[in-house]
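Enquirer: A predicted structure for the sequence below; I have some questions about it.
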Amino acid sequence: MSQLKQMSHLDNIPSTPGKFKMDKSPYFNRLRFHSSLAKLTFWSFIFLAVILIFFFRSPSSNPLPSADPSRRSLRTYDWGGPAFEKRVRSSARVRARNGISVLVTGAAGFVGTHVSAALKRRGDGVLGLDNFNDYYDPSLKKARQALLERSGIFIVEGDINDMALLKKLFDVVSFTHVMHLAAQAGVRYAMQNPNSYVHSNIAGLVSLLEVCKNANPQPAIVWASSSSVYGLNTKVPFSEKDRTDQPASLYAATKKAGEEIAHTYNHIYGLSLTGLRFFTVYGPWGRPDMAYFFFTRDILNRKSIPIFESPDHGTVARDFTYIDDIVKGCLAALDTAEKSTGSGGKKRGRAQLRVFNLGNTSPVPVSDLVSILERLLKVKAKRNIMKLPRNGDVPFTHANISLAQRELGYKPTTDLQTGLKKFVRWYLSYYAGGKKAAG
Ligand SMILES: O=C(O)[C@H]1O[C@H](OP(=O)(O)OP(=O)(O)OC[C@H]2O[C@@H](n3ccc(=O)[nH]c3=O)[C@H](O)[C@@H]2O)[C@H](O)[C@@H](O)[C@@H]1O
């Protein structure tokens, strides 16, 4: 009680000693009014400034992927200097006889990590490049980076639109090959952030090709296209000869555009270019935005999962392809790629231009994928069957792989049951004990 009294006494003491008396005069009342107005303005200004500073300084505190792709990936990265160049050179050093030196873009991504590790294992030189954007949990990308670092692979943190950086990398290392896997992936996200697809899949591809065409020697380039280029085609299985002019999503349209851009750079500059149309790749260290991954997380969390079906209750199916099969296809594409024919921006002759389907040739309905996950996780899924939303998804995919079989010796060997078993084993150990939250 006495303490309370003391405090109320403190409240009455003016903040500036000596002003108490002055308040009594009308003149000083006016003065006080003005000074309070000035104070109010001053503090409002400070308040506004603090809000603005907070707003502009804290992009990383935003849990959602930033909508502005340039803010996500044109950050200034720290690169250059003798120590940096030494790391680049050492990572790209070829150790096997007849080995190749490969720049892998998107090396901290799902396919990029697996391909980089496989190349390194056989003694090729590998340098990674990745912008570590926040499209999905960057900590998973960092974990993949740590994995690669242990086998001596350096991932440069930077964006494929940064031509000065790309040029620097080519100045330091004469890459024989580029495995271009950096991209804005995901079919449905294209409706939320269309510009990120243009930024990475079109502008980024052009930046990379510009630097490659000017390099001397020019590297051979193998890059990730997508099964989604078949769009609304109904003729199955999808063959490379089929039309690809009906994309159902902006993602698909940017991948299709990439194939046309590849044609141009091959035609004008003699760059050797191979596009790989991946069919729904899955496996350990996969992408959390893909259905098999977040279904696993949500089944374990007893959350309901939306399972799409086509009109008239038809099944939606995918030619799910296991990562190890895809890696074999990527390496075979690199190994069979002919040299680019140009140099320093000038074409000297016709160069190789190829496109291959890399699928599994056996489509599985999404509801069967869920049944397999239920068995592996020993948890019943809460299925929420719904009509395929108009979000860019297509009802089915099915690869004809005879061309890849013939030219690359590509032969997928992992069925969905076996592949998912390996994925689930990885998932449970990676997110063991709920230490990390699957994002
Ligand atoms: O093959 C490809 O080229 C593409 O494969 C995947 O795209 P998608 O096949 O749509 O893979 P998911 O997003 O994992 O979807 C798999 C299946 O689950 C279905 N699905 C998805 C999400 C959902 O909530 N419910 C659902 O039933 C989809 O309709 C689809 O049939 C990748 O996300 C793309 O980056 C890649 O380029």
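Expert: Looks like it came in fine. Residues are numbered from 1 along each chain as shown.
Enquirer: So G329 is in contact with F279, correct?
Expert: No: the pair G329 and F279 fails to qualify as a contact (C-beta atoms under 8 Å) at a distance of 10.5 Å. Any C-beta I mention is one placed from the backbone N, CA and C, and that applies to glycine too.
Enquirer: burial measure for the closest residue in space to N384 that isn't next to it in sequence, as a count.
Expert: The spatially closest residue to N384, leaving aside those adjacent along the chain, is S304, at 4.5 Å (C-beta to C-beta, 6 or more residues apart in numbering). Each residue near S304 was counted by other C-beta atoms under 10 Å, and the total is 11.
Enquirer: Was I right to think R122 contacts N98?
Expert: No: counting by C-beta under 8 Å, N98 is not a contact partner of R122; they are 10.3 Å apart.
Enquirer: These two: which is more packed in?
Expert: R122 (11 against 8).
Enquirer: which residues sit in contact with the residue nearest to I160 when sequence neighbours are not counted?
Expert: Among residues not flanking I160 along the chain, G204 sits closest, at 3.9 Å (C-beta to C-beta, 6+ apart). For G204, the contacting residues are 159-161, 182-183, by C-beta atoms under 8 Å, 6 or more residues apart in numbering.
Enquirer: Quickly note the distance from G204 to S226.
Expert: 15 Å (C-beta to C-beta, to the nearest Å).
Enquirer: Could you do E259 as well?
Expert: 10 Å.
Enquirer: These two: who's more crowded?
Expert: S226 (27 against 18).
Enquirer: Tell me how many other residues crowd the spatially closest residue to that one that is not a sequence neighbour.
Expert: Closest residue to S226 apart from its sequence neighbours, by C-beta to C-beta, 6+ apart: K255 at 4.3 Å. Look at K255: counted by other C-beta under 10 Å, it has 28 neighbours.
Enquirer: go on, Y427?
Expert: Neighbour tally, Y427, other C-beta under 10 Å: 22.
Enquirer: May I have the predicted confidence score for it?
Expert: You'll see Y427 listed with a pLDDT of 98.
Enquirer: again with the one 4 residues further on
Expert: pLDDT, the model's per-residue confidence, is 96 for Y431.
Enquirer: Let me know the secondary structure of the residue lying closest to P389 once chain neighbours are set aside.
Expert: In this structure, P389 finds its nearest non-sequential neighbour in F308, 7.2 Å apart by C-beta to C-beta, 6+ apart. For F308, the secondary structure call by DSSP: H, G, I helix; E, B strand; the rest coil comes out as strand.
Enquirer: State the distance from F308 to S228.
Expert: Where S228 is concerned, F308 sits at a distance of 15 Å (C-beta to C-beta).
Enquirer: Tell me which of those two has more neighbours.
Expert: Between F308 and S228, S228 has the larger neighbour count (other C-beta under 10 Å), namely 26 against 18.
Enquirer: Tell me who's in contact with that one.
Expert: 187, 247-249, 251-252, 255, 394, 397.
Enquirer: among these, which are in reach of the ligand?
Expert: V187 (C-beta under 6 Å from any ligand atom).
Enquirer: between the contacts of S228, which is nearest A333?
Expert: For the contacts of S228, the closest approach to A333 (C-beta to C-beta) belongs to K255, at 16.2 Å.
Enquirer: okay but V94 is in contact with V126, surely?
Expert: No: checked against C-beta under 8 Å, the pair V94 and V126 is beyond contact range at 9.5 Å.
Enquirer: Among these two, which residue is more densely surrounded?
Expert: Neighbour totals were compared for V94 and V126, and V126 leads with 30 against 15 (other C-beta under 10 Å).
Enquirer: Quick one: low-confidence residue ranges for the stretch 1-150 of the chain.
Expert: Along the stretch 1-150 of the chain, segments meeting pLDDT under 70 span 1-42, 44-75.
Enquirer: what about stretch 111-130 and the ligand, touching?
Expert: No: Stretch 111-130 lies out of reach of the ligand by C-beta under 6 Å from any ligand atom, never closer than 9.8 Å.
Enquirer: Go through that stretch and flag the buried ones.
Expert: Under the neighbour-count criterion of 16 or more other C-beta atoms under 10 Å, stretch 111-130 has 111-120, 124-130 buried.
Enquirer: just how off-centre is that stretch within its chain?
Expert: 17 Å (C-alpha atoms, centre = their mean, to the nearest Å).
Enquirer: Excluding chain neighbours, what is closest to D393?
Expert: Excluding its sequence neighbours, the residue lying closest to D393 (C-beta to C-beta, 6+ apart) is V187, at 5.9 Å.
Enquirer: dump the residue contacts of the residue of the stretch 301-439 of the chain found nearest the ligand.
Expert: For the stretch 301-439 of the chain, the residue closest to the ligand is F308, as judged by C-beta to the nearest ligand atom, at 3.6 Å. Applying C-beta under 8 Å, 6+ apart to F308 gives the contacts 316, 366, 386-389, 393.
Enquirer: Of these, which are in range of the ligand?
Expert: Within the contacts of F308, those near the ligand by C-beta under 6 Å from any ligand atom are 316, 366, 393.
Enquirer: Let's see if you can find the most crowded of the residues you listed.
Expert: V366 leads the ones next to the ligand among the contacts of F308 on contacts (other C-beta under 10 Å) with 22 neighbours.
Enquirer: Touching, that one and I307? I think so.
Expert: Yes: V366 lies in contact with I307 (C-beta under 8 Å); the separation is 5.6 Å.
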